[in-house]
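J.: Output the structure for:
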Amino acid sequence: MTEFSHIPVLRGEAVSMLRPRDGGVYLDGTFGGGGYARAILEVADCRLIAIDRDPAAVARGREMMAAYPGRFEICHGRISEIAELLAARGVLALDGAVFDLGVSSYQIDDPARGFSFRHDGPLDMRMGDGEKTAAALVNFCPESELADIFYEFGEEKAARRVAKAIVERRRVQKFTTTADLAGVIRSVVRPDKSGLDPATRSFQALRIAVNDELGDVAAALEQAAELLNPGGRLVVVSFHSLEDRIVKQFFAAQAGRLPGASRHDPAGLMAQAKPRFTLVTKSPVTPGAAELNANPRARSAKLRVMERLAA
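T.: Next up is the predicted model:
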């Protein structure tokens with residue numbers, strides 16, 4: 001069994017801003033290692049429902065249920081299924097919800113899951129069951145589709161070169177391991193001044209595509225916002241610009257902070273919907289120096305919070 005080290009990013013800030021209270025009902029939409037869930041249950045005598053698509057995370061959650069009888073429950077599913085999963089458990093409203101987006105340390109540090117090029121492993125990258133693997137994408141997607149994945153989900157400027165190199169190589173031999181794929185990517189992408197491994201952006205892109213992460217995030221935000229009671233807060237920690245852009249734009253729209261329509265646009269004459277939320281964080285909260293020293297993976301984390309207004 002691989003020994004893991006999981007450090008929840010911005011846990012103190014996220015739980016503090018969630019403001020759990022006794023008797024409240026809360027959602028941890030991304031259970032992972034349970035760091036956020038345990039912190040919430042320790043600070044308030046509340047009910048918490050957690051969700052994770054990863055069977056290994058769900059198994060960890062079920063072990064944790066014994067420590068909080070009647071207060072904690074873990075569900076196996078995607079964050080895009082929040083409303084359905086909660087309704088099945090009789091939960092139709094929430095007093096708060098928290099999401100710690102992206103891949104967990106448990107997943108990225110396990111070579112068998114195939115998320116990282118740091119340790120050689122099978123080219124998998126699935127967060128849950130049943131999704132198409134990264135190997136299927138790189139071995140069978142058309143070159144143009146691969147280039148789009150690398151550019152849109154990895155913001156890789158050399159997306160076309162990467163896709164071309166992959167297609168040329170797979171004609172000779174299909175990809176099966178993370179180290180093999182990373183080596184081909186490094187052969188056509190130059191290291192940049194940041195010191196970031198040349199394979200990083202392409203691996204991120206494949207992971208997002210395999211798991212439809214951005215689609216899940218957009219659906220989860222919509223559903224969680226609808227479920228919040230007045231005064232309830234939606235707390236989201238994101239780790240890359242694509243996630244954060246979705247969160248930022250959704251929060252702005254819900255708080256009525258979108259740019260005004262042009263005076264030449266007829267839409268500008270229409271009455272604007274009354275904002276349903278207020279922004280608790282006008283700009284994102286980021287990790288402090290102490291957390292960054294303890295956990296370098298926290299460097300890109302951004303925490304945003306909004307609160308449901310009274311009807």
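J.: Now name the helix or strand holding Leu86.
T.: helix 82-87 (DSSP states H and E).
J.: so after that helix, what's the next helix or strand?
T.: strand 94-100.
J.: Keeping just the C-alphas, turn that following strand into PDB.
T.: Provided in PDB are the C-alpha atoms of strand 94-100 (Å, rounded to 0.1, in the frame of the first residue of the first chain):
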ATOM      1  CA  LEU A  94     -28.200  23.700   2.600                       C
ATOM      2  CA  ASP A  95     -26.800  26.200   5.100                       C
ATOM      3  CA  GLY A  96     -23.400  26.100   3.300                       C
ATOM      4  CA  ALA A  97     -21.300  24.300   0.800                       C
ATOM      5  CA  VAL A  98     -17.600  24.000   0.200                       C
ATOM      6  CA  PHE A  99     -15.600  22.700  -2.800                       C
ATOM      7  CA  ASP A 100     -11.900  22.000  -3.000                       C
END
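J.: Tell me the helices and strands packed up against that strand.
T.: helix 11-18, strand 25-28, helix 35-43, helix 213-227, strand 228-238 (3 or more Cβ pairs under 8 Å, 6 or more residues apart in numbering; DSSP states H and E). C-betas here are computed from N, CA, C, even on glycine.
J.: Pull the residues that contact it.
T.: The contact list for strand 94-100 (Cβ atoms under 8 Å, 6 or more residues apart in numbering) reads 8-9, 14-15, 18-21, 24-30, 32, 36, 40, 46, 79, 86, 217, 220, 224, 227-229, 231-237.
J.: average pLDDT across it?
T.: For strand 94-100, the mean pLDDT works out to 97.
J.: quick one: strands adjacent to it?
T.: strand 25-28 (parallel), strand 228-238 (parallel) (DSSP bridges).
J.: Determine which stretch of those is the most buried.
T.: Highest mean neighbour count of the strands paired with strand 94-100: strand 25-28, a mean of 27 (counted as mean count of other Cβ atoms under 10 Å).
J.: Tell me which residues are up against it.
T.: With Cβ under 8 Å, 6+ apart as the test, strand 25-28 has contacts from 18, 20, 36-37, 40, 46-51, 82, 86, 91, 93-98, 224, 227.
J.: and the residues you listed, which are buried?
T.: Neighbour-count burial (16 or more other Cβ atoms under 10 Å) applied to those gives 18, 20, 36-37, 40, 46-51, 82, 86, 91, 94-98, 224, 227.
J.: Next SSE downstream of the helix or strand containing Leu48?
T.: Taking DSSP H and E as the criterion, the element that holds Leu48 is strand 47-52. Downstream of strand 47-52, the next assigned helix or strand under DSSP H and E is helix 55-65.
J.: which secondary structure elements does the helix holding Leu86 contact?
T.: Helix 82-87 sits against strand 47-52, helix 213-227, with contacts defined as 3+ Cβ pairs under 8 Å, 6+ apart.
J.: shaky segments in the chain?
T.: The chain contains residues with pLDDT under 70 at 1-7, 130-131, 258-272, 311.
J.: per the record, what domains does it have?
T.: Following the assignment in automatic domain parsing, the chain carries domains at 11-106+213-308, 132-211.
J.: can I get these in TSV with distance to Asp120?
T.: As requested, these are exported to TSV (distance: least, Cβ to Cβ, whole Å):
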stretch	distance to Asp120
domain 11-106+213-308	18
domain 132-211	4
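J.: Arg126 is nearest to which of these?
T.: Relative to Arg126, the nearest member of the domains of the chain by Cβ to Cβ is domain 132-211, separated by 6.0 Å.
J.: Give me the distance between the two termini of the closest one.
T.: Distance between the boundary residues of domain 132-211 (Cα to Cα, to the nearest Å) amounts to 8 Å.
J.: what's the answer for stretch 286-305, then?
T.: End-to-end distance of stretch 286-305 (Cα to Cα): 12 Å.
J.: and the residue nearest to Ile40 when sequence neighbours are not counted, which of the three is it?
T.: Spatially, and ignoring its direct neighbours in sequence, Ile40 is nearest to Pro20 (5.0 Å; Cβ to Cβ, 6 or more residues apart in numbering). Following DSSP: H, G, I helix; E, B strand; the rest coil, Pro20 is assigned to coil.
J.: Contacts only, for Pro20.
T.: For Pro20, the contact set (Cβ under 8 Å, 6+ apart) comprises Tyr26, Ile40, Val43, Ala44, Cys46, Asp95, Gly96.
J.: would TSV of these with distance to Pro287 be doable?
T.: Converted to TSV, the contacts of Pro20 look like this (distance: Cβ to Cβ, whole Å):
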residue	distance to Pro287
Tyr26	23
Ile40	19
Val43	20
Ala44	24
Cys46	26
Asp95	26
Gly96	21
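J.: follow-up on the earlier one: with distance to Met306 added, can I get the strands paired with strand 94-100 in JSON lines?
T.: Below are these laid out as JSON lines (distance: least, Cβ to Cβ, whole Å):
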{"stretch": "strand 25-28", "distance to Met306": "15"}
{"stretch": "strand 228-238", "distance to Met306": "5"}
